[in-house]
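# got a structure for you, letters missing:
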């Protein structure tokens, strides 16, 4: 394990607007105790899956977001012997990430995930259908 003087990990969630990107919430994890245990025993340390409550500095004490996360600290030799793929690339293990997860499929295309766009598409399809019938009557 690499030495780490300040074992903190800051996670931040951003809004993904077309015109601006603003931070929504953040959390800072102090991993110094976990790194100490991993270094002392030269073993991997599992950070079990849990929900992290995230806040915003402008709204202290108010939970603005929840992040479902898990992690594993391990010695370099173990990491080299069990490589992980980038994102959902192979090898896709620990944890397995499903490429066809319903939440991911819905958000692959930014505009397809917007309810307004889906409603406009339905309206447009209805107008096209009605237009065909009207032209058929004349």
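Structure received. Predicted model only: the values in this text are computed from it and were never measured.
# so which strand or helix has residue 35?
Assigning secondary structure by DSSP states H and E places residue 35 in helix 32-41.
# show me what that helix is packed up against.
Applying 3 or more Cβ pairs under 8 Å, 6 or more residues apart in numbering; DSSP states H and E, one finds that helix 32-41 contacts strand 45-56, strand 59-73. In this view, the C-beta of every residue, glycine as well, is placed from N, C-alpha and C.
# need these in JSON lines (columns: distance to residue 81, mean pLDDT and mean neighbour count).
Formatted as JSON lines, the entries for the helices and strands packed on helix 32-41 read as follows, by distance: least, Cβ to Cβ, whole Å; pLDDT from 0 to 100; neighbours: other Cβ atoms under 10 Å:
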{"stretch": "strand 45-56", "distance to residue 81": "17", "mean pLDDT": "90", "mean neighbour count": "13"}
{"stretch": "strand 59-73", "distance to residue 81": "14", "mean pLDDT": "88", "mean neighbour count": "12"}
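# what lies in contact with stretch 69-86?
When contacts are taken as Cβ atoms under 8 Å, 6 or more residues apart in numbering, the neighbours of stretch 69-86 outside the stretch itself are 1-2, 11, 31, 34-35, 38, 42-52, 91-95.
# lowest-pLDDT helix or strand in this structure?
helix 115-137 (a mean of 52; mean pLDDT, DSSP states H and E).
# just give the nearest non-adjacent residue to the spatially most central residue of the chain, would you?
Centre of the chain computed as the mean C-alpha position; nearest residue by Cα atoms, centre = their mean is residue 67, 8.1 Å away. Of all residues not flanking residue 67 in the chain, residue 52 sits nearest, at 4.5 Å (Cβ to Cβ, 6 or more residues apart in numbering).
# who are the contact partners of the one you found?
For residue 52, the contacting residues are 11, 27, 29, 66-69, taking Cβ under 8 Å, 6+ apart as the criterion.
# before we move on, what about residue 28?
Residue 28 makes contact with 8-11, according to Cβ under 8 Å, 6+ apart.
# cool, thanks, signing off.
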